[in-house]
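# take a look and give me a structure for this.
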Amino acid sequence: MRTTQKNTLGKYRRRHDIQQNNMAKLLGRNKFYVCRAENGCLQPTLEVALTYSLMFDVEVKELFPELYQNILNLLVKSIEEKANLF
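Numbering: from 1, shown residues only. Purely as a prediction, here's the structure:
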C-alpha cells in the first residue's frame, strides 16, 4: 500500500496558468501521469522533478516539502546513530 506524498506541483503549474494536458506535453507524459504526480499518488522521476524546478524557477525541496523533510529526518537520525558508534 503506497501512501501519498504532499507536493506543490499543481500549485506552481496553476500559478503559471498551465493546464495539465499542456504540462503533460511539455514533460513528454500523459495527463494521467501529471494528475497522479500532483496528487502525490506517484513519485515523479528525477527528470520530471527537475523539469518542474527549472520551469517554475523553484527548488526541488519546495516542490516536495514533505519528502524533503522525511529524507532530512532520516539523514539526521542516521548520522546520530553513526556518531554513537564511536
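# what's near enough to touch L63?
Listed by C-beta atoms under 8 Å, 6 or more residues apart in numbering, the contact set of L63 reads 7-9, 12, 49, 52-53, 56. Bear in mind the C-beta positions are built from the backbone N, C-alpha and C, glycine included.
# filter those residues down to the ones in helices?
9, 12, 49, 52-53, 56 (DSSP state H).
# out of those, which comes closest to F32?
L9 (14.2 Å; C-beta to C-beta).
# count residues in the vicinity of the residue nearest to that closest one when sequence neighbours are not counted, would you?
Nearest residue to L9, sequence neighbours excluded (C-beta to C-beta, 6 or more residues apart in numbering): E38, at 4.6 Å. Number of residues near E38 (other C-beta atoms under 10 Å) recorded here: 21.
# all numbers from here: first residue = 41
Got it, the first residue is 41 from now on, which makes the last one we talked about E78.
# E78: what's it in contact with?
47, 49-50, 53, 60.
# just the closest of those to P84, please.
P84 lies nearest to L49 out of the contacts of E78, by C-beta to C-beta, at 7.5 Å.
# pLDDT value on the closest one, please?
The per-residue pLDDT reported for L49 equals 97.
# wait, it sits on M95?
No. In this structure, L49 is not within contact of M95 by C-beta atoms under 8 Å, at 10.6 Å.
# so between these two, which is more surrounded?
L49 (20 against 15).
# how close does that one sit to V116?
26 Å (C-beta to C-beta, to the nearest Å).
# just give me the residue right at the centre of this protein.
Taking C-alpha atoms, centre = their mean, the centroid of the chain lies closest to F104, which sits 4.0 Å from it.
# which intervals of the chain have sub-threshold pLDDT?
Low-confidence segments of the chain, defined by pLDDT under 70: 41-43, 126.
# that older thread, which one of the ones in helices among the contacts of L103 has the most neighbours?
Neighbour max across the ones in helices among the contacts of L103 (other C-beta under 10 Å) = Y92, 24 neighbours.
# show me how far stretch 116-126 is from its chain's centre.
Remark: stretch 116-126 is offset 27 Å from the chain centroid, using C-alpha atoms, centre = their mean, to the nearest Å.
# wait, stretch 76-91
For stretch 76-91, the distance to the chain centre is 5 Å (C-alpha atoms, centre = their mean).
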